[in-house]
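got a structure for you, letters missing:
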C-alpha cells in the first residue's frame, strides 16, 4: 500500500528536517596529537616503572619490566609493541621475550635486543706453498751454538710443482644497531695476478715452469736456474761463474774464484778463495782464509766461522766466531751462538755490532766499530764543496751559451764558424758537467743515507769484554782498560757511554 503526500505535507516535512539538522550535534574534528595519545595508551599497557635502556653504541637493549597491575595481562606482542614504540626494531631476542612472559621475569634488566656486528671480510692474498720466511735463518742448537750446515739460501722447486694459490677477497657484511641504523663494513679488494719469472698460472693456481731456486721478491715469485757442483772445487777447475745461484756440495780450495749473479752456497769447508755474489753467501763449514781470502756480497753473509778473511757485505754478516778478520757490513755484524766471539781484527757495521765475547785473555788487538766512519764528515764537506763548484760551472756555461745563441738568432746565416764551434764544444762540456754532477750527488746521497741509517747504532757485548778491546762509534773511540762483561755502548752528545745489560 503506497502512501502519497500532498504538496502541503511535503513542504511541512522539508521544514521539519531542516530544523532537525540545525539541532544536531556539531561535527567533531580529530586533534593532530591523537597518534601520540594512542601511543601513550599503548605504553600504558605495561605497568608504571617499566623502562627500556639502550646501550650507548646502540648494540643492545635491556627491558626492565614491572609486575602487571591487577587488571593487566602481559603478552609477548605487547612487549614487542612497546619496544617498537621506543624505536627498537632490529635483533629482537625472541626467546628472552617469551621467557619474560612465561616465567614472569620482573624487576630486573633483561636483554631483549642485540645488534648485528659487522662481519669482517678479507683482502685477497697469495698463499705460498713453500717457506720463504726460512730463508737466511740458521737454527740454534740445544747447546746454544748456531748450526749453519743445514741453512739453504732458497728453497728448491721442480718443474710443474704447485708453488702458490690465490685466495679471493671476502666481502664484509654490514652490521645494524637495535635502532635499525646500518653499520657499513669495510671494503676489501682483490690483488692483480702475480707476475714473476719461471711461473705459469692456471685459474687461481701458480706452477713452476722449471727446476730451480724459488723466492718472493717485491711481491713476485722468481725462479732461477741453479748451477750445482757435487764434488770439490780446486785449482784444476779454478773459476766458477754463473748468472744465477751456485751450490757447491764439496770443499772449495785455495786459489779458487767463484762469482754468482745471485747466491752462493758452499756446504763443505772453504779455504783461501775469493767469493763474489749479487745476493747472499752461505758457508756451512766456515772459511779459513789465511789472510788471502775475500768475500764480497751485496746481501748477507752467513758462516760457521770466519778466520783471517776480509768480508764486505751490503747486509748483515753473521757467524759463530770472527777471528783476525776484517769485516765490513752496511747492516749489522752479529757473533751468535754459545761462543759468539770477536777475537782480533777489525769489525765495522753501520747499524751495530752484537757479540757474546770480544777480545781474549791474551789481549789480542781487537777493534769494533759501528756507525759512520771518522772521516765521513770531512768527505761530506768535500763532496758538497765539489757539488757547489760544478753547479757554478754549469751556471756560467749556460750563461755563455745563452748569449751565443742570442747572437746566432740575430745574425742568422752570418754567424761565424768560431761561434758555431764554441756552441758545440760548450754543449759537450755541459753534458760532461752533468755526468760529473750526477756522480757527486750520488756519493753525497750515499753518505747521507749511511749517516741516517747509523742513528741509534750500538755495540752490545752480552758476555765477556776483555781489556785492550777498542770500542769505536762514529768518530769517537775508547779502549777498554779492564776486563768487564755485559756491556752496551752508544754515543750521547759526541761521547761514548757504556751501560750494564740487565737480564731479567
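All right, it came through fine. Keep in mind it's a predicted model, so treat the numbers as computed, not measured.

from here on, contacts and neighbour counts on C-alpha atoms
OK.

Could you list the low-pLDDT ranges of the stretch 351-500 of the chain?
413 (pLDDT under 70).

As a check, name the ranges of all strands in it.
Taking DSSP state E, counting those that start in this stretch as the test, the strands found in the stretch 351-500 of the chain are 353-355, 357-358, 366-370, 459-465, 470-473, 476-479, 484-492, 495-500.

Could you single out the most deeply buried of these?
Comparing those by mean neighbour count (mean count of other CA atoms under 10 Å), strand 357-358 ranks first with a mean of 27.

Now for residue 356: which residues touch it?
For residue 356, the contacting residues are 335-341, 461-464, by CA atoms under 8 Å, 6 or more residues apart in numbering.

again, 7 Å this time
Neighbouring residues of residue 356 by CA atoms under 7 Å, 6 or more residues apart in numbering: 335, 339-341, 461-464.

burial count for residue 49?
10 (other CA atoms under 10 Å).

Pretty sure it sits against residue 66.
Yes: here residue 49 reaches residue 66: they are 6.1 Å apart, a contact under CA atoms under 7 Å.

Can you redo the strands of the stretch 351-500 of the chain as JSON lines, where the extra columns are distance to residue 243?
Output for the strands of the stretch 351-500 of the chain, formatted as JSON lines (distance: least, CA to CA, whole Å):
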{"stretch": "strand 353-355", "distance to residue 243": "32"}
{"stretch": "strand 357-358", "distance to residue 243": "38"}
{"stretch": "strand 366-370", "distance to residue 243": "33"}
{"stretch": "strand 459-465", "distance to residue 243": "37"}
{"stretch": "strand 470-473", "distance to residue 243": "38"}
{"stretch": "strand 476-479", "distance to residue 243": "42"}
{"stretch": "strand 484-492", "distance to residue 243": "41"}
{"stretch": "strand 495-500", "distance to residue 243": "44"}
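
Relative to residue 442, which of those is closest?
Nearest to residue 442, of all the strands of the stretch 351-500 of the chain, is strand 366-370, at 22.6 Å by CA to CA.

now the closest one against strand 484-492, angle please.
For strand 366-370 against strand 484-492, the angle by axes from the mean of the first three to the mean of the last three CA atoms, to 10 degrees is 40 degrees.

Run the angle between strand 366-370 and strand 459-465 for me.
Here strand 366-370 runs at an angle of 160 degrees relative to strand 459-465 (the same axes, to 10 degrees).

Strand 366-370 pairs with which strands, parallel or anti?
Taking DSSP bridges as the criterion, strand 366-370 sits next to strand 341-349 (parallel), strand 470-473 (parallel) in its sheet.

Tell me which residues are up against the shortest one.
Just to be clear, that refers to strand 470-473. The contact list for strand 470-473, computed with CA under 7 Å, 6+ apart, reads 366-371, 477-480, 490-491.

Turn these into a markdown table, including distance to residue 80.
What follows is those, written out as a markdown table (distance: CA to CA, whole Å):
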| residue | distance to residue 80 |
| --- | --- |
| 366 | 83 |
| 367 | 82 |
| 368 | 78 |
| 369 | 77 |
| 370 | 73 |
| 371 | 72 |
| 477 | 80 |
| 478 | 81 |
| 479 | 83 |
| 480 | 82 |
| 490 | 70 |
| 491 | 71 |
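
Which one of those residues is nearest to residue 97?
residue 490 (67.6 Å).

and the closest one, bridged to which residues?
In beta-bridge terms (that is, DSSP bridges), residue 490 pairs with residue 497.

got a list of what it touches?
457-459, 473, 496-498.

measure it to residue 467 for me?
To residue 467, residue 490 is 19 Å away according to CA to CA, to the nearest Å.

cool, and residue 298?
Taking CA to CA, one finds residue 298 at 34 Å from residue 467.

swap in residue 320?
The spacing between residue 320 and residue 467, counted by CA to CA, is 21 Å.

so who does residue 230 touch?
248-250.

repeat for residue 415
Residues counted as contacts of residue 415 (CA under 7 Å, 6+ apart) are residue 408.

Mind doing that once more with 8 Å?
For residue 415, the contact set (CA under 8 Å, 6+ apart) comprises 407-408.

Give the burial count for residue 189, as a bare number.
Neighbour tally, residue 189, other CA under 10 Å: 15.

Tell me how far the residue nearest to it when sequence neighbours are not counted lies from residue 45.
The shortest distance from residue 189 to any non-neighbouring residue, by CA to CA, 6 or more residues apart in numbering, is to residue 123 (5.1 Å). Counting by CA to CA, the gap from residue 123 to residue 45 is 51 Å.

what about these two, which has more around it?
Shown here are residue 123 and residue 45; by other CA under 10 Å, residue 45 has more neighbours (19 against 15).

correct me, but the more buried one touches residue 79?
No: Residue 45 sits out of contact with residue 79 when judged by CA atoms under 8 Å, with a separation of 9.2 Å.

Now for residue 194: which residues touch it?
By CA under 8 Å, 6+ apart, the residues touching residue 194 are 219-221.

right, so of the strands paired with strand 366-370, which gets closest to residue 73?
strand 341-349 (84.1 Å).

Find the nearest non-adjacent residue to residue 129, please.
Spatial nearest neighbour of residue 129, excluding adjacent residues (CA to CA, 6+ apart): residue 163 at 4.9 Å.

Which residues are in contact with the one you found?
Contact analysis of residue 163 by CA under 8 Å, 6+ apart lists 128-130, 205-208.

Apply 10 Å and report the result again.
127-130, 157, 199-200, 205-208, 214, 221 (CA atoms under 10 Å, 6 or more residues apart in numbering).

and what of residue 498?
In this structure, residue 498 makes contact with 458-460, 487-491, judged by CA under 10 Å, 6+ apart.

Can you pull the poorly scored residue ranges out of the stretch 51-200 of the chain?
Residue ranges of the stretch 51-200 of the chain with pLDDT under 70: 132-139, 145, 147-154.

how about the helices of it, start to end?
Using DSSP state H, counting those that start in this stretch, the helices of the stretch 51-200 of the chain run over residues 76-85, 94-102.
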